[in-house]
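**Student:** here is a sequence with its predicted model. Questions after.
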Amino acid sequence: MTVNHGGNLTEEYFRAYISLVMNSRNYTLEKAKHFMVERFLTGNPTTYGPITGASYINAVKVLSLD
């Protein structure tokens, strides 16, 4: 997926995307987190800025409570 640097990605975006990764690849949350950081965020949660990084972290926290 191509992501432009023009805007901040939201927590809702990451919740949906992580859920999609989990469902389509049959991954646990831990495995999906690793996949997202390595592939989507290129090894750094703040690759797309601090707001997007915080949104990713919050999305993971919410999903871990489910």
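**Tutor:** Yep, it's here.
**Student:** what confidence value was assigned to residue 10?
**Tutor:** What the model reports for residue 10 is a pLDDT of 94.
**Student:** distance of it relative to residue 28?
**Tutor:** 23 Å (C-beta to C-beta, to the nearest Å). Every residue, glycine included, has its C-beta placed from N, CA and C.
**Student:** who's more crowded, these two?
**Tutor:** residue 10 (15 against 10; other C-beta atoms under 10 Å).
**Student:** I figured that one hits residue 54, correct?
**Tutor:** No - using C-beta atoms under 8 Å, residue 10 is not in contact with residue 54, being 10.3 Å away.
**Student:** low pLDDT regions in this protein?
**Tutor:** Scanning the chain for pLDDT under 70 picks out 1-6.
**Student:** just the helices in it please.
**Tutor:** Per DSSP state H, the chain carries helices over the ranges 11-25, 29-35, 50-65.
**Student:** go through the ones you listed and name the closest to residue 41.
**Tutor:** Of all these, it is helix 50-65 that lies closest to residue 41, at 6.8 Å by C-beta to C-beta.
**Student:** could you list the buried residues of that closest one?
**Tutor:** For helix 50-65, burial by neighbour count (16 or more other C-beta atoms under 10 Å) applies to 52, 53, 55, 56, 59, 60, 63.
**Student:** check stretch 10-29 too.
**Tutor:** 11, 14, 15, 17, 18, 21, 22, 27.
**Student:** pull the residues that contact it.
**Tutor:** Contacting residues not belonging to stretch 10-29 are listed as 31-33, 35-36, 40, 55-56, 58-60, 62-64 [C-beta atoms under 8 Å, 6 or more residues apart in numbering].
**Student:** state the distance from residue 37 to residue 18.
**Tutor:** Taking C-beta to C-beta, one finds residue 37 at 11 Å from residue 18.
**Student:** actually residue 55, sorry about that
**Tutor:** 11 Å.
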